[in-house]
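Asker: Next one to model:
(chains A, B, C and D)
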4 protein chains.
Amino acid sequence: MKETTIVEKEKVEPNSAVLIEGLPGLGMIGKIATEYLVKQLKAGRIAELYSPHFAYYVLVNKQGTVRLLRSVLHYWKNEKGENDLIMLTGDSQAQTIEGQYDVADTILDFAGKKNVKLIVTIGGFRKEVKDEPQVMVSATSQGLLHKALEAGAKGSPSGNPIVGTAGLLAGLAKLKKMDAICLLVETPGYLSDPRAAKSVLNVLKKMLRFDVDLSGLDEEILKSERIEERMKRIEEERRTSAEKRRKIEEEKVSYIS
Amino acid sequence: MKETTIVEKEKVEPNSAVLIEGLPGLGMIGKIATEYLVKQLKAGRIAELYSPHFAYYVLVNKQGTVRLLRSVLHYWKNEKGENDLIMLTGDSQAQTIEGQYDVADTILDFAGKKNVKLIVTIGGFRKEVKDEPQVMVSATSQGLLHKALEAGAKGSPSGNPIVGTAGLLAGLAKLKKMDAICLLVETPGYLSDPRAAKSVLNVLKKMLRFDVDLSGLDEEILKSERIEERMKRIEEERRTSAEKRRKIEEEKVSYIS
Amino acid sequence: MKETTIVEKEKVEPNSAVLIEGLPGLGMIGKIATEYLVKQLKAGRIAELYSPHFAYYVLVNKQGTVRLLRSVLHYWKNEKGENDLIMLTGDSQAQTIEGQYDVADTILDFAGKKNVKLIVTIGGFRKEVKDEPQVMVSATSQGLLHKALEAGAKGSPSGNPIVGTAGLLAGLAKLKKMDAICLLVETPGYLSDPRAAKSVLNVLKKMLRFDVDLSGLDEEILKSERIEERMKRIEEERRTSAEKRRKIEEEKVSYIS
Amino acid sequence: MKETTIVEKEKVEPNSAVLIEGLPGLGMIGKIATEYLVKQLKAGRIAELYSPHFAYYVLVNKQGTVRLLRSVLHYWKNEKGENDLIMLTGDSQAQTIEGQYDVADTILDFAGKKNVKLIVTIGGFRKEVKDEPQVMVSATSQGLLHKALEAGAKGSPSGNPIVGTAGLLAGLAKLKKMDAICLLVETPGYLSDPRAAKSVLNVLKKMLRFDVDLSGLDEEILKSERIEERMKRIEEERRTSAEKRRKIEEEKVSYIS
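Answerer: You can find the predicted model right below:
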């Protein structure tokens, strides 16, 4: 494979659609949120994206069959509202600089052909979170920003870089005169963070005015909180015992001097 | 050279063929197995593959002549059974991400032109081995998997990445609607492992129903076992003397404190 | 985006122009000088340069809108003198070797179309500076060198490499039979250095015979001097306390032995 | 610049020529030898090679003019013997894997157009040298090997990799059915080694049957021997004083324990 390639599995022709991107990244938020949407909306797989800029290994699935790293695109026909949804998630991001630009470009070309009117990218940014994780918004235009603010997002601090596909899709969209919005949500980031994914989906459903039940994420959230607590306990024990060791060492030294 | 290039040395036109790939990797298993097949079947060299994605040095052979890094393809006409064999091995794998995809792609294009119906890739995966090294199989379809399981392979654990040409050939084959199967065999991996190569060839000959005498590998296996034992002995001595040194140090410290 | 691209915002057709390049680098001198010129001359934005060789992130500006990394080109019509100015600055340089050559090449192609007769590149080179920072000149021809020497620059020491876009623009210009001149100014380099930027602009305005008031930089210079002094004080304190610690350690050791 | 480019300065049309390559590498042998030949034979510059795969900086020469990194090709019309010489040397080698193959390929294309019948590449390989540095030869054919052996070279040990342009030129030449020979000479390699360069030129002039006075290298050899001796003295002093320090430390420790 010499070029990034999108293989269509089912031809769809939306009148107007929103493309939601959620690839692996900090806290796996984009991936969790997008995969949850796909499952909850029973969206159908319409295409797969392959690229020579992905890592050079293949995965073995449960049935023992191999497959290349890829992104997958699902489609949900919105029977009640204005916008259909195309959801993109996948195994990984491109591994080289030029590859990152190339993959984002290929996605936007596909979006253009499918009458996508808005690109929404989802990601996390590192922050210790106390209560509800806040969603920060940036966009290609002021109008879009206001829609997200109304839906509960906060303005993104300026100067903030948005790294990878989530950022480049928005930046390149602007260049191609397409609308795009980035939703980054606070996350400690070292573990899968379904709580942050729920926050971002709450903003998204209000903003795009479609209905989806998010309670299915609560069990995942409970599980992740239990893991987090266990890790905190282990870390505390490690720190206490390191502290003890340090004191013993200090006593030796002061004894000598 | 600006492109990966296959130089044909002899035109062959199989009706139906299997391409067996065995490039250098963990335990050198693919290379050992493929080279043994080539020698044992007296297969003839039909082509060489060169690529600007290989490392930028040349090798000097015994006669003092230089040559680029390359892969070589050999051909064996199966007079008794259904499938002819094309065997690919070589000096090294591509050195860049995009190069890995490009080389695998070029091999598959060649395979398509030669009526190859099945790609078999051979490699190792790291594991301390007690008795007979197990062969793990993954494939592009359930039907193929079953054939390999019948021939003595075990199912590959899911989630397992298969890195490099062995993986990409199978993944890209699937994308191009070609059949492919990966045979990975257990190996400690730090030394050339002819024993693991023999295990994989045992599965292969049963699966493809061709006959080849594998006893020629036994001498290599004996040699490698002797090297392994010697290395274990050296490692043990190193550990014992390090242990002694550590104790002396501890005594000094305890004397001071 | 697969290629470095210049997007024109406003078509201009200079009879004869000078292109001044000042991208981020040592001491941020090129960027400070070029941005000051743009502001002071009230130059209008005529084009933006985007490249898949820039880093793969986007920036969020104060209004919360996202944008790709880019270079921007401004144009100033010189009503009194001979040469109009095109000024190029931006967020960053290309991140790969081939990208550096590609971006410089694209800039020169644009310059050619805009009747640019001279390329001036601005940068810093690391040196502890006592009084006025000296400007070192190198160029594509002896005639150009003399003009810069007359304007107060000194000859650049031979063998000196000029790294990045500032260097490649000049080197590639020569290959394309265009005139180019590099002005590198002495700078300690670890902080933004408006004083060095003022030195370079002083040479530039004399050489190109255009008038621009540079007193607006004086406030920036004062600010940066204050920061520098504070950092020196902190560094001195750090050194003093490190010295103390070292002496205590030495006394311990000599006590033991 | 998007492609490796050769700019011809003077059109020459040899009936039959040998291309001698000597780029910077271990001990700078290729560069020293080739530059000496150029000077001694009063060869004229016929072409320059530029590449986006060279490092992204420019050099300033003594007159203060800038230039891109490049290779230069000189031509010597052999009035007495059979073969004209084209000599290639330069600032550096390509910086990426694909760039290395691309530059070597471009050189061979040029050589083909100029009726080059033989490529000779010169380099060093690391070895402590006692008397006369030995020249090791490898080539694209047995016939060529014998010519070099007759001229005083020794056969290169097999398995030896020849890295960079010196190797790739020979490997790619073979692929293109051109003749090539690599002369690698023993060198400690950490300093410029004119003595090794003289050894290789001695073999070369015998093999190609052209006459060139090599005594001009003797002064360089004397200079380099003096530098070498000074460095050995410094190294010895360093070792002696390190030894002393170590003994003092040991005495302290043994005093404590």
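
Asker: Near chain C, which residues of the stretch 1-150 of chain A are found?
Answerer: By Cβ under 8 Å from any Cβ of the partner chain, the residues of the stretch 1-150 of chain A that approach chain C are A:97-98, A:100-102, A:104-105, A:137-142, A:145. For every residue, glycine as well, the C-beta is placed using N, CA and C.

Asker: got it, and the stretch 151-257 of chain A?
Answerer: When proximity is defined as Cβ under 8 Å from any Cβ, the stretch 151-257 of chain A approaches chain C at A:155-164, A:167-168, A:170-172, A:174-175, A:180, A:182, A:253, A:256-257.

Asker: So which of the residues you listed are in strands?
Answerer: A:155, A:161-163, A:180, A:182 (DSSP state E).

Asker: thinking again about what came up before, from the residues of the stretch 1-150 of chain A next to chain C, which two are the most distant?
Answerer: Taking Cβ to Cβ as the measure, those span a maximum distance of 31.7 Å, between A:Glu98 and A:Gln142.

Asker: would you list every one of the strands in chain A?
Answerer: Here chain A has its strands, by DSSP E, at A:5-8, A:17-21, A:44-50, A:57-60, A:66-68, A:71-76, A:84-90, A:116-126, A:135-139, A:154-155, A:161-163, A:179-187.

Asker: which stretch among those strands comes nearest B:Leu85?
Answerer: The nearest among these, by Cβ to Cβ, is strand A:66-68 at 21.3 Å.

Asker: So which other helices or strands are in contact with the closest one?
Answerer: strand A:57-60, helix B:165-175 (3 or more Cβ pairs under 8 Å, 6 or more residues apart in numbering or on different chains; DSSP states H and E).

Asker: May I see these organised as TSV, with mean neighbour count added?
Answerer: Putting those into TSV (neighbours: other Cβ atoms under 10 Å in any protein chain shown) gives the following:
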stretch	mean neighbour count
strand A:57-60	23
helix B:165-175	26
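
Asker: In JSON lines: those, plus mean pLDDT.
Answerer: What follows is these, written out as JSON lines (pLDDT from 0 to 100):
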{"stretch": "strand A:57-60", "mean pLDDT": "96"}
{"stretch": "helix B:165-175", "mean pLDDT": "97"}
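
Asker: closest to chain D out of the ones you listed?
Answerer: Of all the helices and strands packed on strand A:66-68, helix B:165-175 sits nearest to chain D, with 16.3 Å by Cβ to the nearest Cβ.

Asker: In CSV, list the C-alpha atoms belonging to the closest one.
Answerer: Extracted as CSV, the C-alpha positions of helix B:165-175 are listed here (Å, rounded to 0.1, in the frame of the first residue of the first chain):
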residue,chain,number,x,y,z
THR,B,165,6.6,-8.1,6.8
ALA,B,166,5.2,-11.4,8.2
GLY,B,167,2.2,-9.4,9.5
LEU,B,168,1.8,-6.8,6.8
LEU,B,169,1.8,-9.4,4.0
ALA,B,170,-1.2,-11.1,5.7
GLY,B,171,-3.0,-7.8,6.5
LEU,B,172,-2.5,-6.4,3.0
ALA,B,173,-3.4,-9.7,1.4
LYS,B,174,-6.8,-9.6,3.1
LEU,B,175,-7.3,-6.1,1.8
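
Asker: who touches that helix?
Answerer: A:1, A:7, A:50, A:56-58, A:65-69, B:21, B:23, B:25, B:30, B:93-94, B:100-101, B:103-105, B:107-108, B:119, B:121-123, B:138-140, B:161-162, B:179-182, B:184 (Cβ atoms under 8 Å, 6 or more residues apart in numbering or on different chains).

Asker: Show me the shaky parts of chain A.
Answerer: Residue ranges of chain A with pLDDT under 70: A:252-257.

Asker: okay, A:Glu98 and A:Gln142: which has more neighbours?
Answerer: Taking neighbours as other Cβ atoms under 10 Å in any protein chain shown, A:Glu98 and A:Gln142 compare with A:Glu98 leading, 20 against 10.

Asker: Just list the residues touching the more buried one, thanks.
Answerer: When contacts are counted by Cβ under 8 Å, 6+ apart, A:Glu98 touches A:53, C:52-53, C:96, C:99.

Asker: ok, 10 Å please
Answerer: Going by Cβ atoms under 10 Å, 6 or more residues apart in numbering or on different chains, A:Glu98 touches A:53, B:98, C:1-2, C:51-53, C:56, C:95-96, C:98-99.

Asker: for A:Val7, same thing?
Answerer: Neighbours of A:Val7 in contact, by Cβ under 10 Å, 6+ apart: A:47-50, A:70, A:73, B:175.

Asker: repeat that with 6 Å
Answerer: By Cβ atoms under 6 Å, 6 or more residues apart in numbering or on different chains, the residues touching A:Val7 are A:Glu48.

Asker: distance of it from C:Val185?
Answerer: 54 Å (Cβ to Cβ, to the nearest Å).

Asker: cool, and A:Arg70?
Answerer: According to Cβ to Cβ, A:Arg70 and C:Val185 sit 50 Å apart.

Asker: which of the two has more neighbours?
Answerer: For A:Arg70 versus C:Val185, neighbours defined as other Cβ under 10 Å are more numerous around C:Val185 (31 against 21).
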